[in-house]
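Participant: Build the 3D model from these lines:
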Amino acid sequence: MLEAKGYAAQNATSPLAPYRFQRRAPGANDVQIEILYCGVCHSDLHTARNEWNNTLYPSVPGHEIVGRVVAVGSSVSQFKPGDTVGVGCMVDSCQHCASCNEGLEQYCEKGFVGTYNGPAFGGGENTYGGYSDNIVVDEKFVLRISHTENLAAVAPLLCAGITTYSPLRQWKVGPGQKVGVVGLGGLGHMAVKIAAAMGAHVVLFTTSPDKREDALRLGAKEVVVSKNADEMAAHVNSFDFILNTVAAPHNLDAFINLLKRDATMTLVGAPATPHPSPSVFGLIFKRRRIAGSLIGGIAETQEMLDFCAEHNIVSDIEMIGMQQINEAYERMLKSDVKYRFVIDMATLDA
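Facilitator: Numbers count the residues shown, from 1 in each chain. Next up, the predicted model:
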């Protein structure tokens, strides 16, 4: 076994605090990683506070991991000590079902094993995430990072990046398309960057007029304040695709009406309570669609990392020390971050 130290929640109401635990010793197919940086996702907060009623305690969150390989098992062929690597939201899947066979491990029919809040297959043990100094992962779920600088800002690509990249690829976003992005938070700011790099004409929808300048800087060509009826009306029936990143319940009809015939709005935000039911008429009269998307498979996540490296895309981040995590959670609830917190693991012993 390997000794590990990190920060954990012991129950739904306790703040995250120092916690020592054990990782498995690396097996033949495993990669041992020294964690350098870990992004802070809203899912971390939901899990730490048991807001989805499925948390296994103690809970060590974190699934946006960038680190350095320190050891590999005897059968590992893709990685060597010293490599810069990433670990995203998954560390295992059944690897036998139809989805896994198609490289869509996130839709594993037996349920993928999360980087934290397992349980793992077989032994049913809880998994512990990236708010820690090391992790051991099967090489099939380790990702190569080719960015050579600003590695801390690469970390959020492992969740926010792939969560937005996957639906943009699935619905074939590219040059000549008009694409809407709803919300400019951790997910939304990545969606704007990636869709713009794919060549789309990107329109950002926000309830905050003061986000206009940032949206344009990130790659949007237009910004629409969604509370302004006239601004919304100017875009009716004009979008090829809309990616809705908002993680709070809201009226979907306002955006459905902006889609062209046969166009799709895909939801990637996960609100704690359901959205109001959309009007069926907005869908059937234009054969429009509402869809959902969940992160991406390992192959697609690697594709996303390579795409982002090629286009010099990273997340806009605020670096924090490990001791600031509870404050960061409170600020995240207030949307007081541009646009993703990342923990510097060198501070773990501070």
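Participant: In contact with Tyr309, which residues?
Facilitator: Just so we're on the same page, residue 309 is Ala rather than Tyr. By C-beta atoms under 8 Å, 6 or more residues apart in numbering, Ala309 lies in contact with 145-147. No exception for glycine: its C-beta is placed from N, CA and C like everyone else's.
Participant: all strands for the stretch 251-350 of the chain, in order.
Facilitator: 259-267, 289-292, 317-321, 340-344 (DSSP state E, counting those that start in this stretch).
Participant: Can you tell me which of those is nearest to Phe239?
Facilitator: strand 259-267 (5.2 Å; C-beta to C-beta).
Participant: helices and strands around the closest one, which ones?
Facilitator: strand 239-244, strand 289-292 (3 or more C-beta pairs under 8 Å, 6 or more residues apart in numbering; DSSP states H and E).
Participant: Would you confirm that Asp210 belongs to a helix?
Facilitator: Yes. The assignment for Asp210 is a helix, going by DSSP: H, G, I helix; E, B strand; the rest coil.
Participant: From Ala195, how far off is it?
Facilitator: Distance, Asp210 to Ala195, by C-beta to C-beta, to the nearest Å: 22 Å.
Participant: Could you do Glu139 as well?
Facilitator: Distance of Glu139 to Ala195, computed by C-beta to C-beta: 31 Å.
Participant: between these two, who's got more neighbours?
Facilitator: Taking neighbours as other C-beta atoms under 10 Å, Glu139 and Ala195 compare with Ala195 leading, 27 against 18.
Participant: now the helices for the stretch 251-350 of the chain?
Facilitator: Assigned by DSSP state H, counting those that start in this stretch, the stretch 251-350 of the chain shows helices spanning 253-256, 280-284, 298-310, 325-333.
Participant: Would you mark the buried spots in the second one?
Facilitator: Buried residues in helix 280-284, defined by neighbour count with 16 or more other C-beta atoms under 10 Å: 282-283.
Participant: what packs against that helix?
Facilitator: Secondary-structure packing of helix 280-284 (3+ C-beta pairs under 8 Å, 6+ apart): helix 253-256.
Participant: how does it look with 10 Å?
Facilitator: helix 253-256, strand 259-267, strand 289-292 (3 or more C-beta pairs under 10 Å, 6 or more residues apart in numbering; DSSP states H and E).
Participant: Quick one, which of those gets closest to Asp306.
Facilitator: Using C-beta to C-beta, the nearest of the helices and strands packed on helix 280-284 to Asp306 is strand 259-267, at 22.5 Å.
Participant: Now do that closest one against strand 239-244, angle only.
Facilitator: For strand 259-267 against strand 239-244, the angle by axes from the mean of the first three to the mean of the last three C-alpha atoms, to 10 degrees is 20 degrees.
Participant: Tell me which strands strand 259-267 pairs with, and in which orientation.
Facilitator: Here strand 259-267 is paired, per DSSP bridges, with strand 239-244 (parallel), strand 289-292 (parallel).
Participant: Single out the most deeply packed of those strands.
Facilitator: Mean neighbour count (mean count of other C-beta atoms under 10 Å) peaks for strand 239-244 among these, with a mean of 25.
Participant: export that one as PDB, just CAs?
Facilitator: In PDB, the C-alpha atoms belonging to strand 239-244 read as follows (Å, rounded to 0.1, in the frame of the first residue of the first chain):
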ATOM      1  CA  PHE A 239     -29.100  28.700 -34.400                       C
ATOM      2  CA  ASP A 240     -27.600  25.500 -35.700                       C
ATOM      3  CA  PHE A 241     -26.700  24.300 -32.200                       C
ATOM      4  CA  ILE A 242     -27.000  25.600 -28.600                       C
ATOM      5  CA  LEU A 243     -24.900  24.300 -25.700                       C
ATOM      6  CA  ASN A 244     -26.600  25.000 -22.400                       C
END
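Participant: And that strand, how far out from the chain middle?
Facilitator: Chain-centre distance of strand 239-244: 19 Å, with C-alpha atoms, centre = their mean, to the nearest Å.
Participant: Relative to Thr207, how far out is Ser238?
Facilitator: Using C-beta to C-beta, Ser238 is found at 20 Å from Thr207.
Participant: Between the two ends of stretch 66-84, what distance do you get?
Facilitator: One end of stretch 66-84 sits 7 Å from the other (C-alpha to C-alpha, to the nearest Å).
Participant: three-state assignment of Glu109?
Facilitator: Glu109 ends up coil, using three-state DSSP.
Participant: Can you check the pLDDT for it?
Facilitator: According to the prediction, Glu109 has pLDDT 94.
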